[in-house]
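In: Just the structure for this:
(chains A and B)
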Amino acid sequence: MTAELLTGGEAIAHGMRQGQPDVVPVYPITPQTPIIQVFSKFVSDGRSHAELVDVESEHSAMSAAIGAALAGARTMTATSSQGLALMAEVVYIAASMRAPIAMAIGNRALSGPINIHCDHSDSMLIRDSGIVQLFAENAQEAYDLMVMAPRIAEHPDVLLPVAVCLDGFTITHAAEPVELLPDDVVATFVGEYHVPHPMLEVSSPTTRGPFAMPDYYYYELRHAQGVALRNALDVFIDVAAEFEALSGRRYEPVQSYRLDGAERVLIALGSTAGTIKDAVDELRDEGEAVGLLRITPFRPLPMDEIRAALAGAQRVIVLDRADSPGGVAPLGAEIAATLYGSECELERHVYGLGGRDLGVADVRAIFAGGTPDHFGVREHSWPA
Amino acid sequence: MARLKNLIENEHGVPPLRGGHSLCQGCGIPIVVRTVLSSLPGPAVIVNATGCLEVATTRYPTTAWNVPWLHVAFENTAAVASGIESAQRALRRRHALPEGQEISIVAFAGDGGTYDIGLQALSGALERGHKFLFVCYDNEAYMNTGVQRSGATPFGTRTTTSPPGAESFGKAQRRKDMTAIAVSHHIPYVAQGVASHWDDLSRKVERAAAVQGPSFLNVLTDCPVGWGHEPRTTRTVLDTAVDTHFWPLYEVADGAYTLNYEPEHQLPIEKWLEHQSRFAHLLKPENRGHVEEIQAQVDADWNDLQARCAST
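Out: Purely as a prediction, here's the structure:
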């Protein structure tokens, strides 16, 4: 297998193309736009048979995606930031209607002030929508996860939207060597699209999206949806194992980097993990017991795997690329809940909002117990 | 030509919307839905905006629908329909659907889900040219939430958010002309209908279903609660809307206007106002000027429509 020089956006577009979607509703927004541009060219060149639906907003993109996915067509889309905020209402409904849509999110800060650069506040806005969220570290991972996304989404125990989250510009626009699988290999891996009772099967009509009252099943339907999202973790593990057999690339719910004997461990999502790995390498060379834990599925959160990976850590430092004004930033809160009862010290930082860079020197400073000046918020949790 | 026999035959013994739903006595919405769906020659998939029709027909785990039916949200009905239509095209192209079976995609939304919150998604879907039929059941206010004014509420109407009082005679603005907005998208077929003229409505559905591309039907229907009329008077109240020229029945096919029904004698606008409590305040002497204004608006619109019909 040879590597091509591709941006993360191009790699995602290839992953979409090879997954053979039938319908792709698209609406432009930076930094996601290159994905739909490249994909549109695939359609124009006859390399994808998808119906491209040039909708008039992201809200309509997700709405059309729900209609198409439930009608019986494999459906994919992509968005960022304000676009995700606009479609958020319908993302929740897509999950509750169990529409297995595969999508990409080019992560970007939310307004205001308006800013086009990376943070994770857009993904965190739909944290509780009930969809699967997989965070990529680089363009290769973005591609690989996009190839796996329909398999996870369409699994009968899941039937939920799956979002591949890739950092805006850092991944979407940076070119890296990416190994693509052959088209036919992906086609076989992904397989035929199937949903229960597709709407275009008019001989067996179903009523979808009915009105559920407090005493009539609302609670039960929400519960079933939560169970399906939990199921997605096992499905992710199984699909990743199959993918490894094809590609040689291994994906796990958590990626441990030099955690053996690590006393201080940083936790992060997305591309920042690459920077942290460099810092960890430097510090390990200097004899310090440090490591990194990167989480791929933020939803469903692999709590057991996180606890197991951190069993030997004395100090856990969470880097959050989203804030929760007046409360606790999302990843930090999740890790605090996951580690409740543990003896280790927990420290949380908010970093990188609106695309502010985090360098190796900054990561070293954090490991050393400091907070870079330009950095943002630092808070201690228990034990204080 | 619409015939009751055809409508019954089209149902194949299974009404698409059956009884047992909880729409109010005298509500014209189920009349519109059954007329529309029974006028289609083949199978249909329904997309429904949030509103009375959705709430009253699908209280989980029950349903009044015998056809595939989908509700996602309030403002996105046309977008959802465009997704289903795109799915049909994609699946047909790769021979994943039975050959020769054309499935109609029909969207139902109230005036709120059409004129107001649904306008953007509708405009986008019309512009993109999806083959689907969008039916607005226009009862001139947000009835499901308790009679609030909408962009379809007529000038001078009492609603719960445009109540008449010392400083108000009801809604101070004219309704928007949604039919004209649809026409301006250059789609193949647009028409105005009314729940009480089933034969006219049925024929319009047949025409709409036959075009290649989007079609839009703006169908006036009543709300006994919001309009304040006796449930048994649904048909006569709606007929009065047509006979006063308040709601002309016309169609625009490929840009050509046709008036489909001309009352023998135009009734004065007071006949439309007098049997509905939402207009009661307008009939007081101090509001005489507003009634004259409404009459002038109706006459000007009618003359404009006549001119369009004559020139195309």
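
In: So A:Asp357: helix, strand or coil?
Out: Assigned by DSSP: H, G, I helix; E, B strand; the rest coil, the conformation of A:Asp357 is coil.

In: Against A:Val363, how distant is it?
Out: Distance, A:Asp357 to A:Val363, by CB to CB, to the nearest Å: 11 Å. Quick note: C-beta positions are derived from backbone N, CA and C, even for glycine.

In: which one of these two has more residues nearby?
Out: A:Val363 (27 against 13; other CB atoms under 10 Å in any protein chain shown).

In: Quick check: what element follows whatever helix or strand B:Val242 lives in along the chain?
Out: In this assignment (DSSP states H and E), B:Val242 forms part of helix B:234-243. Note on helix B:234-243: by DSSP H and E, the next helix or strand toward the C-terminus is strand B:250-253.

In: For that next one, enumerate the helices and strands it packs against.
Out: Judged by 3 or more CB pairs under 8 Å, 6 or more residues apart in numbering or on different chains; DSSP states H and E, strand B:250-253 is in contact with strand B:189-194, helix B:198-210, strand B:256-259.

In: what does the stretch 1-150 of chain A put close to chain B?
Out: A:22-23, A:25, A:49-51, A:53-57, A:59-61, A:63-73, A:75, A:89-90, A:93, A:97 (CB under 8 Å from any CB of the partner chain).

In: Of these, which belong to helices?
Out: Judged by DSSP state H, these include A:59-61, A:63-71, A:89-90, A:93 as members of helices.

In: Now tell me what touches the helix holding B:Val242 from outside.
Out: Outside helix B:234-243, the residues that touch it by CB atoms under 8 Å, 6 or more residues apart in numbering or on different chains are B:26-28, B:31, B:194-197, B:220-222, B:224, B:227, B:229, B:246-249, B:261, B:263, B:265-267, B:271-272, B:275-276.

In: what comes up buried for that helix?
Out: By 16 or more other CB atoms under 10 Å in any protein chain shown, the buried positions in helix B:234-243 come out as B:Thr234, B:Arg235, B:Val237, B:Leu238, B:Asp239, B:Thr240, B:Ala241, B:Val242, B:Asp243.

In: I'd say B:Thr50 and B:Val80 touch.
Out: No: the pair B:Thr50 and B:Val80 does not pass the contact test of CB atoms under 8 Å, sitting 11.6 Å apart.

In: Of these two, which one has the most company?
Out: B:Val80 (33 against 24).

In: residues touching that one, list them.
Out: By CB under 8 Å, 6+ apart, B:Val80 lies in contact with A:Ser63, A:Ala64, A:Ile66, A:Gly67, B:Val47, B:Leu70, B:Val72, B:Ala107.

In: Mind checking what secondary structure it has?
Out: B:Val80 ends up helix, using three-state DSSP.

In: Tell me the buried residues in stretch A:206-220?
Out: Here stretch A:206-220 shows A:Thr206, A:Thr207, A:Arg208, A:Gly209, A:Pro210, A:Phe211, A:Ala212 as buried, counting by 16+ other CB under 10 Å.

In: What about the residues you listed, which are in strands?
Out: Mapping the buried residues of stretch A:206-220 onto strands (DSSP state E) picks out A:Thr207, A:Arg208.

In: ok, back up a step: only C-alpha atoms, please: export the helix holding B:Val242 in CSV.
Out: Provided in CSV are the C-alpha atoms of helix B:234-243 (Å, rounded to 0.1, in the frame of the first residue of the first chain):
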residue,chain,number,x,y,z
THR,B,234,-67.3,24.1,8.1
ARG,B,235,-68.4,23.7,4.5
THR,B,236,-70.5,26.9,4.3
VAL,B,237,-67.9,29.0,6.0
LEU,B,238,-65.2,27.9,3.6
ASP,B,239,-67.5,28.4,0.6
THR,B,240,-68.0,31.9,1.7
ALA,B,241,-64.2,32.5,1.6
VAL,B,242,-64.4,31.7,-2.1
ASP,B,243,-67.7,33.4,-2.9
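
In: what angle sits between that helix and strand B:189-194?
Out: 130 degrees (axes from the mean of the first three to the mean of the last three CA atoms, to 10 degrees).

In: picking up where we left off before, for B:Leu122, state which of the buried residues of stretch A:206-220 is nearest.
Out: A:Gly209 (18.6 Å; CB to CB).

In: can you give me the helices for the chain?
Out: In the absence of a named chain, chain A is used. Using DSSP H, helices in chain A cover A:8-18, A:33-44, A:58-71, A:81-96, A:121-125, A:139-153, A:183-190, A:218-247, A:272-285, A:303-309, A:330-338, A:360-367.

In: wait, chain B
Out: So, for chain B - with DSSP H - the helices run B:4-10, B:29-38, B:52-57, B:77-93, B:119-128, B:178-183, B:198-210, B:234-243, B:270-273, B:288-311.

In: nearest to A:Ala187, of these?
Out: Closest among these, once you apply CB to CB, is helix B:77-93, at 15.9 Å.

In: how big is the angle separating the closest one from helix A:58-71?
Out: Inter-element angle recorded for helix B:77-93 and helix A:58-71: 40 degrees (by the same axes, to 10 degrees).

In: can you pull the buried residues of helix B:77-93?
Out: B:77-92.

In: Just give the number of residues close to the nearest residue to A:Arg74 once chain neighbours are set aside.
Out: Excluding the flanking residues, the one nearest A:Arg74 by CB to CB, 6 or more residues apart in numbering or on different chains is A:Tyr193, at 3.9 Å. Residues within reach of A:Tyr193, counting by other CB under 10 Å, total 21.

In: With the one 4 residues further on instead?
Out: Neighbour count of A:His197, defined by other CB under 10 Å: 12.

In: Show the contacting residues for it.
Out: Per CB under 8 Å, 6+ apart, neighbours of A:His197: A:Ser204, A:Thr206.
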